[in-house]
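Coordinates only, no sequence provided:
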């Protein structure tokens with residue numbers, strides 16, 4: 001029981017991985033009422049967390065945090081990792097938002113499945129301390145898998161959690177977690193790899209290019225960075241060309257029909273392409289030539305191409321440019 005005589009309640013950050021599941025189950029085994037919160041943006045989804053919730057029966061709240069995330073992304077205090085991943089400030093933001101829900105919904109403390117030393121940059125003692133201190137919930141973040149290797153938290157001192165029943169796992173070995181998973185009867189869980197697009201070199205390059213050429217962007221534009229080939233034709237002219245039919249479908253699904261120009265080769269199989277926010281006639285012609293070069297249209301032959309905007313539809317003729325000739329435009 002907590003100080004009000006009610007059952008102890010804990011709100012956990014859930015990535016959907018095995019460590020998240022185990023952290024929740026360890027606390028639930030103590031009789032604590034456990035819930036999860038997870039966040040999604042165009043850079044990472046809540047799919048694994050939803051699956052973990054189904055497997056464990058732990059209730060899950062999903063929040064889209066794209067808007068505040070992008071504010072942080074423009075200037076993360078701790079900077080980026082190897083690519084465009086602001087891991088420490090990302091975790092700080094997530095705990096800050098989880099803490100707000102904790103306060104509003106009567107939870108006693110926060111927890112996560114983080115393991116000391118498992119990730120060399122974001123799960124060291126100084127890193128975990130930075131996140132806790134800057135989240136605004138210092139002392140209220142419990143990490144059940146590594147608690148015995150970390151300072152005692154407020155809920156432990158208050159007797160809300162039995163520290164003796166928490167663990168002292170550290171390092172990168174997964175054997176302790178796998179053994180514990182067997183004890184809990186968990187035989188389905190994803191690999192420990194992240195799944196955050198901000199650690200991907202190709203996606204990061206496209207995002208960095210977007211930051212350099214636009215002051216504002218929609219959530220759909222961030223999704224578009226996942227699909228197709230991306231070309232920077234000029235400072236304010238960008239081209240996205242699908243690689244597959246799935247790419248083509250996603251490009252159309254996320255494009256803005258009021259602002260973007262759609263390009264499609266007539267009479268020959270080929271990709272769908274868009275020029276976000278449109279461009280000059282010269283740039284549209286260049287984009288059409290590049291798109292044609294990726295189609296099945298014959299080389300060195302004028303080809304008709306559909307140019308579609310919100311207010312017009314026209315056909316122009318272009319010669320396809322070979323992909324090998326336009327590599328310098330690739331992002």
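Yes, it's here. Because the structure is a prediction, the values reported are computed rather than measured.

what bits of the protein have low per-residue confidence?
Scanning the chain for pLDDT under 70 picks out 193-194.

what comes into contact with the longest strand belonging to it?
With residue count as the measure and DSSP state E as the assignment, the chain has strand 33-40 as its longest strand. Taking CB atoms under 8 Å, 6 or more residues apart in numbering as the criterion, the residues outside strand 33-40 that touch it are 7-16, 20, 24, 27-28, 46, 49-50, 52-53, 58-65, 69, 94, 97-98, 101, 107. Where C-beta positions appear, they are placed from N, C-alpha and C, glycine not excepted.

among those, which are in strands?
In this view, the contacts of strand 33-40 that belong to strands under DSSP E are 9-13, 60-64.

buried subset of the residues you listed?
Neighbour counting by 16 or more other CB atoms under 10 Å classes 9-13, 60-62 among the ones in strands among the contacts of strand 33-40 as buried.

between those, which is nearest residue 134?
The closest of those to residue 134 turns out to be residue 13 (CB to CB; 15.1 Å).

my read: the closest one touches residue 99, true?
No: no contact is recorded between residue 13 and residue 99 when judged using CB atoms under 8 Å, the distance being 10.3 Å.

Mutual contacts of these two, please.
By CB under 8 Å, 6+ apart, the residues touching both residue 13 and residue 99 are residue 110.

Export the buried ones among the ones in strands among the contacts of strand 33-40 to CSV and append columns for distance to residue 221.
Converted to CSV, those look like this (distance: CB to CB, whole Å):
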residue, distance to residue 221
9, 39
10, 37
11, 32
12, 32
13, 27
60, 28
61, 27
62, 22
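
of those, closest to residue 79?
Closest to residue 79, out of all of these and judged by CB to CB, is residue 13, at 22.0 Å.

So what sits opposite the closest one in the bridge?
On DSSP bridges, the residues paired with residue 13 through beta bridges are residue 37.

burial count for residue 160?
The criterion is other CB atoms under 10 Å. On that basis, residue 160 has 21 neighbouring residues.

residues near the nearest residue to it once chain neighbours are set aside, how many?
Sequence neighbours aside, residue 8 is the residue nearest to residue 160 in space, at 4.8 Å (criterion: CB to CB, 6 or more residues apart in numbering). Residues lying near residue 8 (other CB under 10 Å) number 20.

Residue 8 and residue 269: what is the separation?
The gap separating residue 8 from residue 269 is 61 Å, by CB to CB, to the nearest Å.

what does residue 123 give?
48 Å.

Who has more neighbours out of the two?
Each of residue 123 and residue 269 had its neighbours counted (other CB under 10 Å), and the higher figure belongs to residue 123 (20 against 8).

Three-state assignment for the more buried one, please.
When the structure is reduced to helix, strand and coil (DSSP: H, G, I helix; E, B strand; the rest coil), residue 123 reads as coil.

Do me a favour and get the backbone dihedrals for it.
Residue 123 adopts backbone torsions of phi -130, psi 40, taken as degrees, to the nearest 10.

is it true that it touches residue 117?
Yes: applying CB under 8 Å, one finds residue 123 in contact with residue 117, separated by 6.3 Å.
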